[in-house]
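Peer 1: One predicted model, sequence on top.
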Amino acid sequence: MAAVKLELIRPSSGTERATVADQAGAETDPLADLARQSLYYMAMMREVEDRIERKLYRQGKVVGGVYVGRGQEAIPVGSGLAVRPDDMLFPSHRDMALFLIRGVSARQIFAQYMGRVDGLTNGRDGNMHMGDLSKRLVAIISAMAASIPVAAGAAMGMKYQGKDTVTVVYFGDGATSRGDWHEGINLASVQKAPLVLICNNNQYAYSTPLSKQMACANVADRAPGYGIPSEVVDGNDVLAIHEASRRAIAHARAGHGPFLIECKTFRMTGHSAHDPADYVPKHLFAEWSAQCPIARLEKKIIERGWASVEEVASIRARVVRESDEAVEAAEKSPYPDASTLLDNLYEK
Amino acid sequence: MAAVKLELIRPSSGTERATVADQAGAETDPLADLARQSLYYMAMMREVEDRIERKLYRQGKVVGGVYVGRGQEAIPVGSGLAVRPDDMLFPSHRDMALFLIRGVSARQIFAQYMGRVDGLTNGRDGNMHMGDLSKRLVAIISAMAASIPVAAGAAMGMKYQGKDTVTVVYFGDGATSRGDWHEGINLASVQKAPLVLICNNNQYAYSTPLSKQMACANVADRAPGYGIPSEVVDGNDVLAIHEASRRAIAHARAGHGPFLIECKTFRMTGHSAHDPADYVPKHLFAEWSAQCPIARLEKKIIERGWASVEEVASIRARVVRESDEAVEAAEKSPYPDASTLLDNLYEK
Amino acid sequence: MTTTYVDAIRQGISEEMERDPNVFLLGEDIGVYGGAFKVTQGLLERFGERRVVDTPISESAIVGAAIGASFMGLRPVAEIQFADFISCGFDQIVNFAAKCRYRWNAPAPIVVRAPCGGGIHGGPFHSQQNEAWFAHTPGLKVVLPATARDAKGLIKSAIRDNDPVIFFEHKALYRRIKEEVPEDDYSVPIGKANIFREGKHITVVTYSAMVHVAAEAAEILDKDGISVEIVDLRTLTPLDEETILASVRKTSKALVLHEANLTGGFGGEITARITEKAFEDLDGPVLRLAAPDVPVPFSTPLEEAYLPNTQKLLEKLRWLAAY
Amino acid sequence: MTTTYVDAIRQGISEEMERDPNVFLLGEDIGVYGGAFKVTQGLLERFGERRVVDTPISESAIVGAAIGASFMGLRPVAEIQFADFISCGFDQIVNFAAKCRYRWNAPAPIVVRAPCGGGIHGGPFHSQQNEAWFAHTPGLKVVLPATARDAKGLIKSAIRDNDPVIFFEHKALYRRIKEEVPEDDYSVPIGKANIFREGKHITVVTYSAMVHVAAEAAEILDKDGISVEIVDLRTLTPLDEETILASVRKTSKALVLHEANLTGGFGGEITARITEKAFEDLDGPVLRLAAPDVPVPFSTPLEEAYLPNTQKLLEKLRWLAAY
Ligand SMILES: Cc1ncc(C[n+]2csc(CCOP(=O)(O)OP(=O)(O)O)c2C)c(N)n1
Ligand SMILES: Cc1ncc(C[n+]2csc(CCOP(=O)(O)OP(=O)(O)O)c2C)c(N)n1
Ligand SMILES: [Mg+2]
Ligand SMILES: [Mg+2]
C-alpha cells in the first residue's frame, strides 16, 4: 500500500496559495493535495465526534450537551484550509475541524469533552466551548450569534493594527435571527472590517425548521442590506467551499470589507446527543445521506486519480488509529482539582 | 374669510376610504379634505413643538430631553391619517402628530412635557415617552428600536384574535442598527403579522450620519432579507406618504404580512433642544428648508384650489390660537404630588 | 396523584389555557419538540399552532412580542430555553415590561418562564441562577418554586397576574421531585413565603432547589437536637418580609441560602432586612451560604465544589447553633 | 489645577491614549460630537478617526467589538451613551466579557464607560443606577468614582487593568464638582475604598454621587457632636471589605447609602458582610438608605422625593446615633 503523502497544510504566513480550480488532474494536480488533506480532516472530525456522541456520551464519560457536525464537515474543512495561521477563527458548535486544522489534538478535544485538565478550558467549560488565543481560535459562548460582534471587533482590531489578516466567523441558520447577528455584521460593514461570515445553513435550529426561522429564501438575501457581497455554496462540497472561502478571504484581505458565504447543508443528527430528531421527516435524512461530503470527496479523489483506493483507505485507518490513541490518552488526563475552583477569575 | 371645513378625519372602523390618487381637482376633490386635514395637523405639530423647544424649554418650564420632528411632520400625518382608529400605533420620538390625530390634546402634550399630572404619564415620564392604550397609542421606551418587537407582538395578537386591524411602528434610521430592529421584523415576517414599519430616514442619528450607520444605500434594501415588500417615499410629501401608507396598510390588513416604508427626509433641528447640530453641513439645512413639507403642501393646496389663501391662513391662525390656549391650560395643571411616588408599580 | 415538578408546571399551564382562551405560549422549540425540557410537551397537539408558537432564536423579540400581545388583551407565556439566555432579552424585560404600568398605566401581564440552576453538568451557560438581576428591577415579580405543588400553583397565579412575572424553574428539580399535587384548580399566591418546615433554633431562609438542601440538613441536625425552621420564599419580589421576620424573631438565628453567586445575590437583601428589622432579636450573626463568585464550572469535581450542598450547610448551621 | 469631574475623566483617557497606542475609543457620537456629555470632546481632533470610532446604535456590538479588539491586544474603551442602555449590551458584558478569562484564559481588557444616575430630570431611561447587576456578575470589576481626582485616577487604572471594567460616571457630578487634580501621571487603584472623611460614631458606606450627600450630612451632624466616618467604596467588585470592616469596628454603627433602588441593591451585600463579620462590634442595626423601589420618575417633585438626600440621611443617622 502506497504511503499517503499527508503533510498537513499550514500555509505559511503572508503567502496565498494558487487559486484552486475544479480541473481534473494527476498526482501533480494542485488539487490532489488539498483533496487529501480535506479528506483527512473531515474523516477525523467525523471519527472524533462519532466517538464522543455514540460512545463516550453513552458510556457517561462525556456529560452535558454534545453537538456534532455530522454531514457538515466540509464547511470547517474547506474554509479552514483556506485561511492563514495568523487569521482569526470563531468556530460555531459544529466546526470541530477548525481546531484540528489549527493543531489542537484529538486528545485535547476528548479531554475537553470529558472535563479533564488537558481540555482547552481546563474543565471550566465543556464541549465546543473552547478556544486558544495563541492559536487564534476564539471560544464561543452559548448564546447564538454572540460571536459575530466579537469577531467584528477582532476584524476592526486587525485593520487598526494595519495587518492584512482576516477574521472568519461561523454560525448556523438559527443564529441569524439574533440581534447580535445583525449588529455585528452591520458594524463590520460600516467599518469595512476584514470579516468573513460563514453560515452553515443546515435547515434546522434545534427542532425549528427554516420556515419558522426566516421568511426569505436564503440567508445570503440579507447581504445587500449590509452592502456586502455574498455567495451561496453547496455545503457538502468541500472543494467548492474552499474556493468560495478563498474568494471571500481575498476580498476581505484586500480591504473591501465583509463577505458572507452561505453553505447549504443538512444536520445529519439530532440537535444534540439526547435528541432523536423525530421532528425531521425521515426522507430528508435519506436524501441528504447520499450527499455525505466525505463520501463525495472520496469518490472524486478516486475518479480524478488524486489518490488510490488504498491511499484513501490508509487515511481512514490513520483516523481510527489516531482517535484510539487520543481517547486513551485523554482518559488518563486528570479531572481538575476542586481546589482550583476560584483560580483565574481575575488576573494574577 | 371663508370658514374652513375642518372636521377631523376619524375614519370609522371597518371602512377604507377611497384610494387617494394624485388628481387635480376642485373643492369636491377627495384630496381636498385630506390635504386640509394634513395641513392642520402638520402645522399644529410644528407649532406645539416650536413652543416646547423654543419657548418652554428655554424658559425652564420644560426640562429634560426635548426631541422634535421639525421638517418631518409629513410622516406621522400622512400615515396617521391612513390608519383606522382601531389600528395600533407605536410612534417614535418625532411623531407627535399621531397623538394629535388620535385625539390627545395639545394641552395634555404640553402638560406631559412640563411634568404635570395632566400629561399622559402623570409626570412619571417626560416628552414623547407617552402613550394611551385606550387610544391605541403605545409609549416608546428610550432604547431605540425596542418598540419593534413589541409592535410585532401586538400585530401577532391581532392575528391571534382574528381581527383585521394592523399595527404601525415608527423609527429612525439610527434605530435600524439595533438588534431589536432585526429580531422584531424577522419575527413579524415569519409570523406574517399585520405590521407596517415606517422609517423616518432623516439622515442623522444624533450626530451620526447615515454613512456611519449603515453600509447600504437605503433602509429598504433590507426588506428582501425578511421576505417583505417595501417602498421608498419622499418623506416631505404628505400625500405621497399617505398613499404609500394606504398600500402598506392594505397589504398588512389583507393578511400578507409586514410592509416597510422608508421616508427620506431631513432633521431640521439638532438632535434635541440642547444640540446646535454644528456637525451638520450648513448647506444641507438650506437645501432641505426648501423642501418644508408644510410649505410644499400649502403651495399645492393653493395651486390645486383645494383651499383659498384665506382658508390656509385661517388654519394657521387656528393652530396658534389652540396652542395659546393649550399652553395656558397646561400651566394650570398641577405637578404630581410627591406622596404618589410609590403608587401603581404593581396592580391595586 | 403524585406528580413531578415538570408535569406540575405543564398541568398548570394547560389548565390555564383551557380556562382562558387568551393564554398562549411562545418560545423556541416549544411546539413539535415540546421544549428543551419537555415542559410544553403535548400542548401543541392539544391547543394547536395558534396557541403554541415556535419562534426564531430571538429572546429579545420573544419577550417584546409577549409584551405587545399583552397590550392586546392576551396572556402570553414566553419560554426562554435556558435562564442563561435571558440576558439576550434583558432590555425588554427590565426596561419595557417592568416599567410600563408605572410610567403610563399600561399593564404588561406576561409570564417569562426560564429554567435555571446547576447540577446537570451544564457549564457556565446552562446553569445560571440569575434571579437577583430581576429582583433588583422594580415592576417585576420574581417567582422560584421549590416543589411540584407550588410550581403548579404559582404558574397559575403567574398567568393570572396582571404584572410581568419572571418564573424561574429549577432544571434539577424537573424530574427529581415527585409529590402529591391536587388535580383540581388551586393556586398559590405570589408574594407569600411558605414555612417549609417548622423549627425552633435557627431559621434558614431559602428558595428554589436549595429548599431541599436545607431540608436534608435540617433532618440531620434534628438528631443533634438542633431544630431548623425553613422559610421557602417562593417569591423574591414582592418579598414576604413578615414571614421572614416572624420566623427569625422566634428562632433568633438566621442563615440565608441560595444557589446564585454570593456577592450581590439576593441573600444580601434578606440579610439586610433581618439585620435592620430584627436586630434586637438576633442571637448571632446572619450567615449566608451561596455559590462562590465564579461562573458555574463544567467539570464534575468543580461543579460539585461550586454548588452549595448539605455538607457546607451543616457546617455553617452547627457553627451558628453553637454561637 | 482645579478640574471638573468630566475634564478629569477626559484627561485620564487622553493621557492613556498618549501613553499606549493600543488604547482606542468606540461608542455613539463620541467623535465629532464629543459624546453626549462631552467626555471625549477634542479627542477626535487629537487622535484621529482611527482611535475615536463613532459606531451605529448597537450597544451589543459596541461591547462585543471591544471584546474582539481586546483579543487582538488592543485596549478598547467603549462608551454607552447612558447607563440605561447598557441593558441592550447586557449579554456581551455578563456572558462574554465576564467569563472568558475564567473559562479559557482569554483576558478581555475592556473598559465600558457609562454615565449613570439621576438628578438631571432624565426620567426612567436617562437616570438609572444599575451597578448592582454587574456587581453580581463574577469576572467584572465595577468602578464608580465620586471625585474628580478619583475619576481620573480610576479611569487610568481601568484602562490599564487586564480584566473587564464597568466604569460608571455620575452624570450629576460631571460639571458639579471641581477640585485639585494632579496633572502628572497618577492612578488610583481599583479595589481600594477611600476613607473620604474620618469620624468616630457612625460609618456611612457609600459610593458615587451619594458620597457628597453623606459629606453634607456629616458636616451638619458634626455640630451636634455626631462624628460620621464616610467610606467611599469607589469599587464594588472586587470589594474592599477590610476598609469597611475596620471602620465599622471603630465606630460600631453603620449605614449604607446608595442611589440605586433599595431592594436587591448592593447595599444588601455590604450590610450582609458587616453583619456577618463585625456582628459583635455592632451597637445598632445596620441601616440602609437608597432610592425606593420604583423607576426614576421624571417630574421634579417626584424625582426629588425619589432620590436619597441629606434630609433623609440626617433622619436615619440621628436615629442611629441615638440608638
Ligand atoms: C441565544 C440563544 N438562545 C437559545 C439557545 C439554545 N440553542 C442552542 S443551539 C440552538 C439552535 C441553533 O441553531 P443554528 O444556529 O441553526 O445552529 P445549528 O445548531 O443548526 O448548527 C438553540 C436554540 C442558545 N444557545 N442561544
Ligand atoms: C439603545 C439606545 N442607544 C442610544 C440612545 C441615545 N439616542 C437617543 S436618540 C438617538 C439617535 C436616534 O437616531 P434615529 O434612530 O435616526 O432617530 P432620529 O432621532 O434621527 O429620529 C440616540 C443615539 C438610545 N435612545 N437608545
Ligand atoms: Mg441550523
Ligand atoms: Mg435619524
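Peer 2: Yep, that arrived. Ligands and ions are numbered 1, 2, ... in the order given.
Peer 1: so, in contact with chain C or not, the longest helix along chain A?
Peer 2: The longest helix of chain A (DSSP state H) is helix A:309-332. No: using C-beta under 8 Å from any C-beta of the partner chain, we find that helix A:309-332 stays clear of chain C, coming within 13.1 Å at best. Glycine gets a C-beta too; all of them are placed from N, C-alpha and C.
Peer 1: mind checking the SS state of residue A:159?
Peer 2: helix (DSSP: H, G, I helix; E, B strand; the rest coil).
Peer 1: Helices of chain A, start to end?
Peer 2: Ranges of helices in chain A, per DSSP H, are A:30-50, A:74-80, A:96-101, A:106-113, A:147-160, A:179-190, A:238-253, A:282-289, A:293-304, A:309-332.
Peer 1: what's the nearest residue to the closest residue to ligand 2 within the stretch 151-300 of chain C if we skip its chain neighbours?
Peer 2: Residue nearest to ligand 2 within the stretch 151-300 of chain C (C-beta to the nearest ligand atom): residue C:164, separated by 20.3 Å. Among residues not flanking residue C:164 along the chain, residue C:97 sits closest, at 4.1 Å (C-beta to C-beta, 6 or more residues apart in numbering or on different chains).
Peer 1: what's the answer for residue A:71, then?
Peer 2: In space, and not counting its chain neighbours, residue A:71 is closest to residue A:268: 3.2 Å by C-beta to C-beta, 6+ apart.
Peer 1: I'd like to know how far the residue in the stretch 101-250 of chain C positioned nearest to chain A sits from chain B.
Peer 2: Nearest residue of the stretch 101-250 of chain C to chain A: residue C:125, at 3.4 Å (C-beta to the nearest C-beta). Per C-beta to the nearest C-beta, to the nearest Å, residue C:125 is found 19 Å from chain B.
Peer 1: Please name the residues that touch that residue.
Peer 2: Residue C:125 makes contacts with A:129, A:141, A:142, A:143, C:82, C:84, D:95, as judged by C-beta atoms under 8 Å, 6 or more residues apart in numbering or on different chains.
Peer 1: do the same with residue C:49
Peer 2: Going by C-beta under 8 Å, 6+ apart, residue C:49 touches residue C:31.
Peer 1: Give me the three-state assignment for it.
Peer 2: Going by three-state DSSP: residue C:49 is coil.
Peer 1: Now do it against residue A:201, distance only.
Peer 2: From residue C:49 across to residue A:201, the span is 24 Å (C-beta to C-beta, to the nearest Å).
Peer 1: Residue C:164 now?
Peer 2: 35 Å.
Peer 1: These two: who's more crowded?
Peer 2: residue C:164 (31 against 26; other C-beta atoms under 10 Å in any protein chain shown).
Peer 1: The more buried one touches residue C:99, doesn't it?
Peer 2: No: Residue C:164 lies out of contact with residue C:99 (C-beta atoms under 8 Å); the separation is 9.8 Å.
Peer 1: Please enumerate the shared neighbours of the two.
Peer 2: Both residue C:164 and residue C:99 are contacted by residue C:139, under the criterion C-beta under 8 Å, 6+ apart.
Peer 1: Just flag the most distant two among the contacts of residue C:125.
Peer 2: The span of the contacts of residue C:125, defined through C-beta to C-beta, is set by A:129 and C:82 at 13.7 Å.
Peer 1: Could you tell me which residues touch both of those two?
Peer 2: Here residue A:129 and residue C:82 have A:142, C:125 as joint contacts, going by C-beta under 8 Å, 6+ apart.
Peer 1: So which of the two has more stuff around it?
Peer 2: A side-by-side neighbour count of residue A:129 and residue C:82, using other C-beta under 10 Å, places residue A:129 first with 25 against 21.
Peer 1: confidence score at the more buried one?
Peer 2: We note a pLDDT of 97 for residue A:129 in this prediction.
Peer 1: any chance of the helices of chain A in JSON lines, plus distance to residue D:89 and mean neighbour count?
Peer 2: Converted to JSON lines, those look like this (distance: least, C-beta to C-beta, whole Å; neighbours: other C-beta atoms under 10 Å in any protein chain shown):
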{"stretch": "helix A:30-50", "distance to residue D:89": "34", "mean neighbour count": "23"}
{"stretch": "helix A:74-80", "distance to residue D:89": "29", "mean neighbour count": "31"}
{"stretch": "helix A:96-101", "distance to residue D:89": "27", "mean neighbour count": "27"}
{"stretch": "helix A:106-113", "distance to residue D:89": "29", "mean neighbour count": "25"}
{"stretch": "helix A:147-160", "distance to residue D:89": "9", "mean neighbour count": "30"}
{"stretch": "helix A:179-190", "distance to residue D:89": "9", "mean neighbour count": "31"}
{"stretch": "helix A:238-253", "distance to residue D:89": "25", "mean neighbour count": "22"}
{"stretch": "helix A:282-289", "distance to residue D:89": "38", "mean neighbour count": "12"}
{"stretch": "helix A:293-304", "distance to residue D:89": "37", "mean neighbour count": "18"}
{"stretch": "helix A:309-332", "distance to residue D:89": "37", "mean neighbour count": "16"}
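Peer 1: And the ones you listed: which comes nearest residue D:158?
Peer 2: For residue D:158, the closest of the helices of chain A is helix A:147-160, at 18.2 Å, according to C-beta to C-beta.
Peer 1: Check which helices and strands the closest one sits against.
Peer 2: If you count contacts as 3 or more C-beta pairs under 8 Å, 6 or more residues apart in numbering or on different chains; DSSP states H and E, helix A:147-160 packs onto strand A:88-90, strand A:167-172, helix A:179-190, strand A:195-201, helix D:59-71.
Peer 1: Now do the domain split for chain C, please.
Peer 2: Listed domain ranges for chain C are C:2-180, C:194-322 (source: automatic domain parsing).
Peer 1: returning to that earlier point: put together a markdown table for the helices and strands packed on helix A:147-160, with distance to ligand 2 on each row.
Peer 2: Shown next, in a markdown table, are those (distance: least, C-beta to the nearest ligand atom, whole Å):
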| stretch | distance to ligand 2 |
| --- | --- |
| strand A:88-90 | 25 |
| strand A:167-172 | 23 |
| helix A:179-190 | 11 |
| strand A:195-201 | 23 |
| helix D:59-71 | 6 |
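Peer 1: how close does residue A:128 sit to ligand 3?
Peer 2: In this structure, residue A:128 lies at 14 Å from ligand 3, with C-beta to the ion, to the nearest Å as the measure.
Peer 1: That residue contacts residue A:91, correct?
Peer 2: Yes: contact criterion C-beta under 8 Å: residue A:128 and residue A:91 qualify, at 6.9 Å.
Peer 1: Skip the chain neighbours and tell me the closest residue to the closest residue to ligand 4 within chain C.
Peer 2: With distances taken as C-beta to the ion, chain C approaches ligand 4 most closely at residue C:91, which sits 20.0 Å away. Among residues not flanking residue C:91 along the chain, residue D:87 sits closest, at 3.9 Å (C-beta to C-beta, 6+ apart).
Peer 1: Skip the chain neighbours and tell me the closest residue to the residue of the stretch 101-250 of chain A found nearest chain B.
Peer 2: Residue nearest to chain B within the stretch 101-250 of chain A (C-beta to the nearest C-beta): residue A:179, separated by 1.7 Å. Nearest residue to residue A:179 in three dimensions, chain neighbours excluded: residue B:179, at 1.7 Å (C-beta to C-beta, 6+ apart).
Peer 1: what sits against the one you found?
Peer 2: Residue B:179 neighbours (C-beta under 8 Å, 6+ apart): A:178, A:179, A:180, A:181, A:182, A:183, B:145, C:60, D:58, D:60, D:88.
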